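> Build me a structure from this.
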Amino acid sequence: MQWSLILLFLMGQCCFSDCQLYEYLYIKEDKNWTEAQQYCREKHTDLATVSKMRDMKRLLNISAGGQRDVWIGLYDPKDVTRTWYWSLPGVEFIESETNWNTGEPTDKGNPESENCGCLNKELKWIDTGCHWNDRYFLCYDETNRTQKYHLIREMKTWQKAQSYCRENHTDLISGLKQLQDEELKNVMNSADKEPYFGLFRDTWRWSDGSSFSFRHWNNNLNNLQHNSGQCAASAFNDEGRWKTDSCDQKKPFICYNDNLNKVILIKENKTWEDALCYCRYHYHDLVTITNKNEQRWVQEKAKNASTDHVWMGLHYACTLDFWFWVSDEVVSYENWALEPMDDCDMSGAMETRGEHKWRKKNNTEEFNFICSKD
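Residues are numbered from 1 along each chain as shown. Prediction:
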């Protein structure tokens, strides 16, 4: 009997998608940022990491109407190199995949200089100041089937442009895929200025070491042009927008639980079948991904892999001609790259770089892999 058929009888139930991968906890004790970090690491997972706007709404919901600022897990170590990010959550900036105009970026290292991006008529990237109030900007709308890209002819700073796009569309245009779209070229034909798009850089880092690019700064900061501290707090009296403050200040804070660290990266190279056996013997199963939220957190683990791909618990049943999760979950959410036709002896692997798309790989290839713990 083929391995794929045997799996149909071996599959066990997995609670991986029955609860969120992480939960927030409001700690009503006044501590400085370092004390809050230590408390969260001892009793939970870490100070709160925020990966998207939905996370911000969850933070606001647990505040219980509080009006005070609370510490979150974002801080500025100052002695690190500024890193480029995309504004749209889930899109990773790849240093080797850029389209800078000749001679760009021109910034010479001034931390208050050119930390945001704008586009010229040829769709080449130019670094510019984030605080200039005389630029149009480009929004992306993932829900609008007739028009994905919008040139907004209003003069705003980069920070206020980002807020506008998130409130009225999805976000600022971000990533090579959007920037190389023919539809965007048509939109840019009518541009008489060099508009902002979703490229920015900073030195801010998350306490738990994750690389999420989501930022929700107070509009008055103009991308930290007037930075007053090295730690970030969420201001509940300002719709949760973030502000900087001295890390010595005493505030309540928000921790998060990684729900018992539900997934773990195994840095050993194994075939898909060996990876499956390893996970089931040492943990619970190869990882299952059922929505975008789980995808984002699993891909954070994958970024630390030593191989170009990591095995997941996704397998192709050749005889029955369908893909299934070994945890018995239905394949409802998908993140496939453009791939050749399905073939026997295939399983699903996630890219560890780039867009973290799913790839159809032969079972005999050897990669790192990700296990679920329960």
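
> can you give me the helices for this protein?
Assigned by DSSP state H, the helices in the chain fall at 3-10, 33-43, 53-61, 158-168, 176-179, 182-188, 272-282, 292-302.

> want to try a markdown table for those helices, with mean neighbour count as columns?
C-beta here means a position set from N, CA and C on the backbone, and glycine is covered the same way. Converted to a markdown table, those look like this (neighbours: other CB atoms under 10 Å):
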| stretch | mean neighbour count |
| --- | --- |
| helix 3-10 | 13 |
| helix 33-43 | 18 |
| helix 53-61 | 16 |
| helix 158-168 | 20 |
| helix 176-179 | 17 |
| helix 182-188 | 14 |
| helix 272-282 | 18 |
| helix 292-302 | 20 |
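
> so which of the ones you listed comes closest to E23?
Smallest distance to E23 across those (CB to CB): 8.5 Å, for helix 53-61.

> who touches that closest one?
The contact list for helix 53-61 (CB atoms under 8 Å, 6 or more residues apart in numbering) reads 24, 48, 50, 72, 89, 166, 214, 216, 234, 236, 239-240, 254, 293.

> Run the angle between that helix and helix 158-168 for me.
Interaxial angle, helix 53-61 versus helix 158-168 (axes from the mean of the first three to the mean of the last three CA atoms, to 10 degrees): 90 degrees.

> For helix 53-61, what is the distance to the chain centroid?
15 Å (CA atoms, centre = their mean, to the nearest Å).

> then it to PDB, C-alphas only?
Output of helix 53-61 as PDB, limited to C-alpha atoms (Å, rounded to 0.1, in the frame of the first residue of the first chain):
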ATOM      1  CA  MET A  53      -3.700  45.700  12.900                       C
ATOM      2  CA  ARG A  54      -5.800  42.900  14.200                       C
ATOM      3  CA  ASP A  55      -3.300  42.400  17.000                       C
ATOM      4  CA  MET A  56      -3.700  46.100  17.900                       C
ATOM      5  CA  LYS A  57      -7.500  45.600  18.200                       C
ATOM      6  CA  ARG A  58      -6.900  42.700  20.500                       C
ATOM      7  CA  LEU A  59      -4.600  44.900  22.700                       C
ATOM      8  CA  LEU A  60      -7.300  47.600  22.900                       C
ATOM      9  CA  ASN A  61      -9.900  45.000  23.900                       C
END
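
> could you give the angle of it to helix 292-302?
Orientation check (the same axes, to 10 degrees): helix 53-61 against helix 292-302 gives 110 degrees.

> For the closest residue to E334 other than its chain neighbours, name its beta-bridge partners.
Spatial nearest neighbour of E334, chain neighbours left out: W358 (7.3 Å); criterion: CB to CB, 6 or more residues apart in numbering. Here W358 sits in beta bridges with W336, M350, going by DSSP bridges.

> What distance do you get for W358 to T102?
As judged by CB to CB, to the nearest Å, W358 and T102 stand 36 Å apart.

> neighbour count winner among those two?
W358 (20 against 5; other CB atoms under 10 Å).

> Spit out the contact partners of the more buried one.
W358 makes contact with M312, L314, E334, N335, W336, A337, G348, A349, M350, E351, according to CB under 8 Å, 6+ apart.

> would you list these in JSON lines and tack on neighbour count and pLDDT?
Converted to JSON lines, the contacts of W358 look like this (neighbours: other CB atoms under 10 Å; pLDDT from 0 to 100):
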{"residue": "M312", "neighbour count": "25", "pLDDT": "97"}
{"residue": "L314", "neighbour count": "26", "pLDDT": "94"}
{"residue": "E334", "neighbour count": "11", "pLDDT": "89"}
{"residue": "N335", "neighbour count": "16", "pLDDT": "90"}
{"residue": "W336", "neighbour count": "12", "pLDDT": "91"}
{"residue": "A337", "neighbour count": "13", "pLDDT": "88"}
{"residue": "G348", "neighbour count": "24", "pLDDT": "95"}
{"residue": "A349", "neighbour count": "26", "pLDDT": "96"}
{"residue": "M350", "neighbour count": "26", "pLDDT": "96"}
{"residue": "E351", "neighbour count": "19", "pLDDT": "94"}
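
> First-to-last residue distance for stretch 118-125?
Start-to-end span of stretch 118-125 (CA to CA, to the nearest Å) is 6 Å.

> Give me the buried positions along that stretch.
Using 16 or more other CB atoms under 10 Å as the test for burial, stretch 118-125 gives C118, L119, K124, W125.

> any chance of the residues you listed in JSON lines, plus distance to T364 and pLDDT?
Below are the buried residues of stretch 118-125 laid out as JSON lines (distance: CB to CB, whole Å; pLDDT from 0 to 100):
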{"residue": "C118", "distance to T364": "48", "pLDDT": "94"}
{"residue": "L119", "distance to T364": "45", "pLDDT": "94"}
{"residue": "K124", "distance to T364": "43", "pLDDT": "94"}
{"residue": "W125", "distance to T364": "41", "pLDDT": "95"}
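
> where does the spatially closest residue to N168 that is not a sequence neighbour sit relative to Y85, distance-wise?
Leaving out its chain neighbours, the residue that sits closest to N168 by CB to CB, 6+ apart is C139, at 7.0 Å. Distance from C139 to Y85, counting by CB to CB: 17 Å.
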